[in-house]
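Visitor: would you be able to build a 3D model of this:
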Amino acid sequence: MGENTRNTGYVAIDIRESECFIHRIPRKLRKVNESAYTPQLVSIGPFHYGNDDLSEMESLKIKYYADFLKRSEKIKENDLKRAINECSEKLHNCYEGIFSKFENNPQVFDEIILRDACFIIELFLRNTEDEQEGGKRGCILRTPWLRKAIKLDLILLENQLPFFVLTKLFKVVKPYLPPVKIPKPKSDYGTTTTFERPV
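Guide: Next up, the predicted model:
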């Protein structure tokens with residue numbers, strides 16, 4: 001484990017970094033305030049998949065996924081599936097203790113990641129599109145309380161996707177998307193996230 005580096009008097013220890021970086025909240029913390037760690041409307045990723053309390057949003061995610069595919073006839077579902085499949089093992093390793101849940105059906109895991117990633121990308125694209133130019137913002141962005149609730153769910157620790165999967169999918173479709181005007185942030189402090197834009 002440790003080895004002496006030449007004549008320096010120091011010991012070098014090789015500590016391997018864990019591949020797993022999306023962890024479950026420890027039970028003791030969760031007991032303090034369950035709702036602070038549990039999505040209220042939308043499940044993202046595998047941890048809360050199948051939660052009956054979040055099932056209503058599943059149909060909306062499927063609709064957003066279908067709308068995402070319709071953005072261009074050149075966007076092929078098989079290309080998106082292939083992109084997920086290429087990094088499937090890496091994705092499994094990102095989530096703490098998730099292997100046993102999908103051991104018998106790894107395709108379900110890949111489908112969850114693909115649908116949820118496309119939902120997020122479609123949501124962000126709609127947020128940046130100008131309504132006057134034919135953008136379809138949908139009920140999430142038009143309804144202030146829903147918008148806020150979704151935003152809060154998207155930042156929960158157990159409700160995450162690895163950023164690399166969003167980047168990978170976006171690279172697949174970016175050549176087929178029209179340029180999107182990014183609105184200037186409206187903030188006294190100079191910066192704000194695009195999703196913070198007033199309704």
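Visitor: return the distance of the residue minimising distance to the centre of the chain relative to Lys168.
Guide: For the chain, Leu161 is the residue whose C-alpha lies nearest the centre (Cα atoms, centre = their mean; 3.6 Å). Relative to Lys168, Leu161 is positioned 11 Å away (Cβ to Cβ, to the nearest Å). In this view, the C-beta of every residue, glycine as well, is placed from N, C-alpha and C.
Visitor: now do Arg115
Guide: The gap separating Arg115 from Lys168 is 15 Å, by Cβ to Cβ.
Visitor: likewise Pro39?
Guide: Distance, Pro39 to Lys168, using Cβ to Cβ: 24 Å.
Visitor: who's more crowded, those two?
Guide: Legend: neighbour count by other Cβ atoms under 10 Å for Pro39 and Lys168, higher for Pro39 (23 against 16).
Visitor: let me see the contact set for the more buried one.
Guide: 48, 51, 54, 153, 156, 158-159 (Cβ atoms under 8 Å, 6 or more residues apart in numbering).
Visitor: name the nearest residue to it, ignoring sequence neighbours.
Guide: Nearest residue to Pro39 in three dimensions, chain neighbours excluded: Asp153, at 4.2 Å (Cβ to Cβ, 6 or more residues apart in numbering).
Visitor: what do you get for Phe21?
Guide: Cys94 (6.0 Å).
Visitor: related to what we said a few turns ago, now list the buried members of the contacts of Pro39.
Guide: Buried members of these, scored by 16 or more other Cβ atoms under 10 Å, are 48, 54, 153, 156, 158-159.
Visitor: related to what we said a few turns ago, secondary structure class for the residue nearest to Pro39?
Guide: Local secondary structure at Asp153 is given as helix here, using DSSP: H, G, I helix; E, B strand; the rest coil.
Visitor: gap between Asn51 and Glu96?
Guide: From Asn51 to Glu96 the distance is 18 Å (Cβ to Cβ).
Visitor: do the same with Leu152
Guide: Distance, Leu152 to Glu96, using Cβ to Cβ: 22 Å.
Visitor: could you do Asp52 as well?
Guide: Counting by Cβ to Cβ, the separation of Asp52 from Glu96 is 23 Å.
Visitor: so which elements touch the longest helix seen in the chain?
Guide: Of all the segments of type helix in the chain, defined by DSSP state H, the longest one is helix 106-128. With contacts defined as 3 or more Cβ pairs under 8 Å, 6 or more residues apart in numbering; DSSP states H and E, helix 106-128 has these neighbours: helix 56-69, helix 77-86, helix 88-94, helix 138-142, helix 163-173.
Visitor: worst mean pLDDT among the ones you listed?
Guide: Of all the helices and strands packed on helix 106-128, mean pLDDT reaches its minimum on helix 138-142 (a mean of 83).
Visitor: who does it touch, helix- and strand-wise?
Guide: Counting by 3+ Cβ pairs under 8 Å, 6+ apart, helix 138-142 packs on helix 56-69, helix 106-128, helix 144-154.
Visitor: between those, which one is closest to Arg27.
Guide: helix 144-154 (20.8 Å; Cβ to Cβ).
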